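*Asks:* pasting the structure only:
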């Protein structure tokens, strides 16, 4: 028992020495995007520039919270989010540094911050996955048709905490107004009968199995499923909402206001929007590169072959609380 | 001499206990500070829109899980310690193994098992082709998951109490003509009450602060709602307001539990004989194993089979990289550090309360429990804010993470130690003091050795919970420092089952040696 104090002292000193040993020139990336989609792009960046990077993954939202609380003490140089809402929130909190126009202007204005504090790097479309066996959902042409009572028990949606779901609701609210959106949510709430999915991939699976006839998902989940099960009885429907166009959301990146590696961080951003970076970043997840002229994965409907709702992605952040209020007041599960 | 009349020693212990309580209160102060910024209108809005539903959900869940855990835990503990049957030692192991599986892994596994093409889903279709597969996204599902994940706490504490109980009382009652069932209700159960209460307290506190299962199953309790408020809307004030309500709720519960526990203390004589379990009849053995087997099937074997299946898949596809062993190392080192520090930090509070047993000691106890009743993300933010403001030089290191774990799991250690301290008959300590031993000598030569089993249990409980901890680790881990739960969470949120499974399996494997450590002293004692 007598060596307890010594044991304790050595433990504590071990603790205090255990500061993270980050090399001076390593870029720290806070990433809210899945590891396996970010790693290839980071690797390619290191190969091209010789700059090493440490990946710190988490959910986009909690990492933004962390950035906000840490303020000037943050070790992050880059923040990557799966959702434009978080990026715009970060801009509002003044957490990001404006990027030089030479890097930012490559991306169309709708897909970046008005003040260039963040850039959308890849885009996903909010689409419908429809069963090719059950035909009770064939009448659906617009997301607003999902409120139709004919779909009672046949509709699959995610829970209302999902970032893509919230972003979609924001786009429809901005384009069609709050009242129409509220009616729509209420109708969907009736149709799902209290049972929602916690993953988009499970919706696609349920539609493929005939358990549901139709679901509201991001486009790449459909192709991810088709890659594994090429004969799955599902198809994609791009909901146009009478000329409004398909809702898009972007994943993007920003440079921390407090980075000590500005040059390396800007190089990383420049790499993300380069032809090569765009291809790796977007195609890893079958998304649309935001830089015009870079093609998406061959299986997805090409960008430009359908209309995209004309909503600047920055609005997704500005309107997020209003959207959450609406979703909560309807009581969506 | 009653130790209550030793003012000098008390004040020293009291000072140490105060220090511990103060550090444990850091997250609470953060919550208090933030909730004080909440305007009256905002409170009213919270009260009218959110609170009734949250209170109902949280309380009914705690009640249901409490009942479920008591049913499984007490029945299993009773059979295991009161009948000698084939495979009894194995049975003990089977009942505590579920502790190695985190709630979010349980939730994740059972949702996949119950899918149309999952094992249970297919079985269900075979058995009941016309009824839809039951869903877990409701209170029944969450109760199911949390009961399986937490009944072992009741089992452990009740079995511990039963193994210490002495046969004198039972025999005395039987001699006076009591039937076996009367002995159970009038003698055994009242004596077990502190253990049951302590076990239930652990279970209910786990339920109140659980984040993993409720967030995976989308069941709106306080923790989930606080998290959504905080991270989705950056609304720390409302989150703090909700946390305050949760804290008051948990503290009320703790005070009640203490109240029922305090009314009764029983010190056994030094020379009493242990209870020898009579051998079970063949029929009894069958019934016992049917019951225990059913519990184990759902609480351990099915999840284990799932983990093995997907880990094998990962192994075959060569998905387990060198980095994986790094995550294992990270998890182990944080858990060992947190557990070792926590048991010593907890000691002053447990000792002070067990001996002084006054209002002040109760207050320290309750304040130290705060770490357990606040949701993990809130604790993490509280510590983060404190460290950034007061000792920024340690920020970003492992120390912050370990500190959060210590604060978070301090109550576990105190609970486990206190149970042991209560067994420490005051007369022994008094004898040592009358022979001239000072405070430290007394501590070193009498208290620590006598508490060693309690200390080991405390260490193991904290180790296991730190190993499984997710929400605070997600926020406070050093940059690029991934633990197994963090990996499980990252892979599971991407539906990469074959990557989440090996990490979950490693959690189980990593916990086995420490569980063995906890079970060992008793075997030595019995031998």
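*Replies:* Thanks, I have it. Keep in mind that this is a model prediction, so the values were computed, not measured.
*Asks:* So which residues on the stretch 201-350 of chain B come close to chain A?
*Replies:* B:216-218, B:228, B:230-234, B:337, B:340-341, B:344 (Cβ under 8 Å from any Cβ of the partner chain). All C-beta spots, glycine's among them, are computed from the backbone N, C-alpha and C.
*Asks:* Would you point out which residue is most central in the chain?
*Replies:* This is for chain A. The residue lying closest to the centre of chain A (Cα atoms, centre = their mean) is residue A:82, at 2.7 Å.
*Asks:* please go with chain B instead
*Replies:* With distances taken as Cα atoms, centre = their mean, chain B has residue B:202 as the residue nearest its mean C-alpha position (5.1 Å).
*Asks:* Give me the three-state assignment for that residue.
*Replies:* Using DSSP: H, G, I helix; E, B strand; the rest coil, the structure places residue B:202 in helix.
*Asks:* Tell me how far the residue nearest to it when sequence neighbours are not counted lies from chain A.
*Replies:* In space, residue B:202 comes closest to residue B:153 once its chain neighbours are excluded; the distance is 4.2 Å by Cβ to Cβ, 6 or more residues apart in numbering or on different chains. Here residue B:153 is placed at a distance of 27 Å from chain A (Cβ to the nearest Cβ, to the nearest Å).
*Asks:* Return the distance of the strand or helix carrying residue B:153 from the chain's centre.
*Replies:* Element membership for residue B:153 (DSSP states H and E) is helix B:139-164. Its chain's C-alpha centre and that of helix B:139-164 lie 10 Å apart, by Cα atoms, centre = their mean, to the nearest Å.
*Asks:* Same question for the helix or strand just after it: list its buried residues.
*Replies:* Sequence-wise, the next helix or strand downstream of helix B:139-164 (DSSP H and E) is helix B:167-175. By 16 or more other Cβ atoms under 10 Å in any protein chain shown, the buried positions in helix B:167-175 come out as B:169, B:170, B:173.
*Asks:* From the chain's centroid, how far away is helix B:167-175?
*Replies:* On Cα atoms, centre = their mean, the centre of helix B:167-175 falls 34 Å from the chain's centre.
*Asks:* a strand runs through residue A:270, doesn't it?
*Replies:* No. The assignment for residue A:270, made by three-state DSSP, is helix rather than a strand.
*Asks:* Make sure residue A:79 is actually in contact with residue A:89.
*Replies:* No. Counting by Cβ atoms under 8 Å, residue A:79 sits too far from residue A:89 to count as a contact (10.9 Å).
*Asks:* Overlap of the contact sets of those two?
*Replies:* Residues touching both residue A:79 and residue A:89 (Cβ atoms under 8 Å, 6 or more residues apart in numbering or on different chains): residue A:64.
*Asks:* Quick one: mean pLDDT over stretch B:468-485.
*Replies:* Stretch B:468-485 shows a mean pLDDT of 89.
*Asks:* Which residues of the stretch 201-333 of chain A lie near chain B?
*Replies:* Residues of the stretch 201-333 of chain A lying near chain B (Cβ under 8 Å from any Cβ): A:201, A:202, A:205, A:206, A:209, A:211, A:320, A:321, A:324, A:328, A:333.
*Asks:* What's the per-residue pLDDT of the fifth one here?
*Replies:* Right, residue A:209. If you check residue A:209, the pLDDT there is 87.
*Asks:* distance of residue B:195 from residue A:64?
*Replies:* Taking Cβ to Cβ, to the nearest Å as the measure, residue B:195 falls 45 Å from residue A:64.
*Asks:* What of residue B:486?
*Replies:* For residue B:486, the distance to residue A:64 - Cβ to Cβ - is 17 Å.
*Asks:* between those two, which one's more packed in?
*Replies:* More neighbours surround residue A:64 than the other of residue B:486 and residue A:64, with 26 against 21 (other Cβ atoms under 10 Å in any protein chain shown).
*Asks:* can you tell me the helix or strand for the more buried one?
*Replies:* According to DSSP H and E, residue A:64 maps onto helix A:60-70.
*Asks:* Give me the contacts around that helix.
*Replies:* A:30-33, A:56, A:58, A:74, A:76, A:79-83, A:86, A:89-90, A:93, A:95, A:163, A:256, B:230-232, B:234, B:377, B:381, B:384-385, B:388, B:395, B:474-475.
*Asks:* switch to 7 Å and redo it
*Replies:* Here helix A:60-70 makes contact (Cβ atoms under 7 Å, 6 or more residues apart in numbering or on different chains) with A:30, A:32, A:74, A:76, A:79, A:81-83, A:86, A:89-90, A:93, A:95, A:163, A:256, B:231-232, B:381, B:384-385, B:474-475.
*Asks:* Provide a list of residues in contact with residue B:377.
*Replies:* Contact partners of residue B:377, counting by Cβ under 7 Å, 6+ apart, are B:211, B:227, B:230, B:471, B:472, B:475.
*Asks:* next one: residue B:386
*Replies:* Listed by Cβ under 7 Å, 6+ apart, the contact set of residue B:386 reads B:26, B:30.
*Asks:* and it, what element?
*Replies:* Secondary structure assignment for residue B:386, by DSSP H and E: helix B:376-390.
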